[in-house]
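Asker: sequence-free structure coming up:
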């Protein structure tokens, strides 16, 4: 008989259009239902840049209008890229994506992923940070990446799991999965710490 996964009997509801987050969350070997929620991702005036990702994750969880069973957990997340105090969210177009990648090239930046877990009993949120260093990039490399991989749905205009990650990332301090969009170790321990479903 196959043993039950350690987080059984939780069932997960992922409120995200990201195929990367779906792929990661399914790695827990639990049922995962996919839904979506739309919120204005403009951070409140004056909010410190490192706090934005967790704020948006909580906002998404609060905006979801579905109903959760006692054994379900809604998972929402948001990822931001910080170059010093400069917040790089999703680029508005290809030119903006090229601008962001030119800023990141040859430098170190932080990636913050905020997560919110919502159950029928309440909300729990947290954020995890990783530091990423890019090698220098040529304009031709940046143009190729933006045209070929269209990273307009990604904070900082890149996905660490694709071509730019293979060729440009020199070093990561912290979790690779935080950079990818979901800090799996933190999500796992947070789910394990939830009061068991009734």
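Answerer: That came through, no problem. Keep in mind the model is a prediction, meaning the values are calculated, not measured.
Asker: need phi/psi at residue 135.
Answerer: Residue 135 has phi and psi values of phi -80, psi 170 when expressed as degrees, to the nearest 10.
Asker: just for this structure, where's the confidence low?
Answerer: Applying pLDDT under 70 to the chain flags no residue at all.
Asker: what segments of it are strands?
Answerer: 11-15, 32-35, 72-83, 86-88, 108-119, 122-134, 169-173 (DSSP state E).
Asker: quick one: list the elements packing against the shortest one.
Answerer: For strand 86-88, the contact count by 3 or more C-beta pairs under 8 Å, 6 or more residues apart in numbering; DSSP states H and E identifies strand 72-83, helix 94-104 as packing neighbours. For the C-beta atoms, the positions are set from N, CA and C on the backbone; glycine is no exception.
Asker: the first one to strand 122-134, inter-axis angle?
Answerer: Yep, that's strand 72-83 we're talking about. 30 degrees (axes from the mean of the first three to the mean of the last three C-alpha atoms, to 10 degrees).
Asker: which secondary structure elements does strand 72-83 sit against?
Answerer: strand 11-15, helix 52-63, strand 86-88, helix 94-104, strand 108-119.
Asker: what comes up buried for the second one?
Answerer: When you say that, I think you mean helix 52-63. 52-61 (16 or more other C-beta atoms under 10 Å).
Asker: ok, now stretch 95-107?
Answerer: 97-101, 103-105.
Asker: stretch 132-148 now?
Answerer: 132, 134, 137, 141-142, 145-146.
Asker: now render the helices and strands packed on strand 72-83 as a markdown table, adding distance to residue 168.
Answerer: Formatted as a markdown table, the helices and strands packed on strand 72-83 follow (distance: least, C-beta to C-beta, whole Å):
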| stretch | distance to residue 168 |
| --- | --- |
| strand 11-15 | 28 |
| helix 52-63 | 22 |
| strand 86-88 | 15 |
| helix 94-104 | 9 |
| strand 108-119 | 12 |
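Asker: of those, give the one that comes closest to residue 185.
Answerer: Taking C-beta to C-beta, strand 108-119 is the member of those nearest to residue 185, at 11.3 Å.
Asker: picking that back up, which one of the helices and strands packed on strand 72-83 lies closest to residue 162?
Answerer: In terms of C-beta to C-beta, the element of those nearest to residue 162 is helix 94-104, at 12.9 Å.
Asker: what's that closest one in contact with?
Answerer: Residues outside helix 94-104 that contact it (C-beta atoms under 8 Å, 6 or more residues apart in numbering): 81, 83, 86, 88, 91, 134, 137, 139, 142-143, 145-147, 150-152, 156-158, 164.
Asker: so which of those residues sit within helices?
Answerer: 139, 142-143, 145-147, 164 (DSSP state H).
Asker: number of nearby residues for residue 170?
Answerer: 11 (other C-beta atoms under 10 Å).
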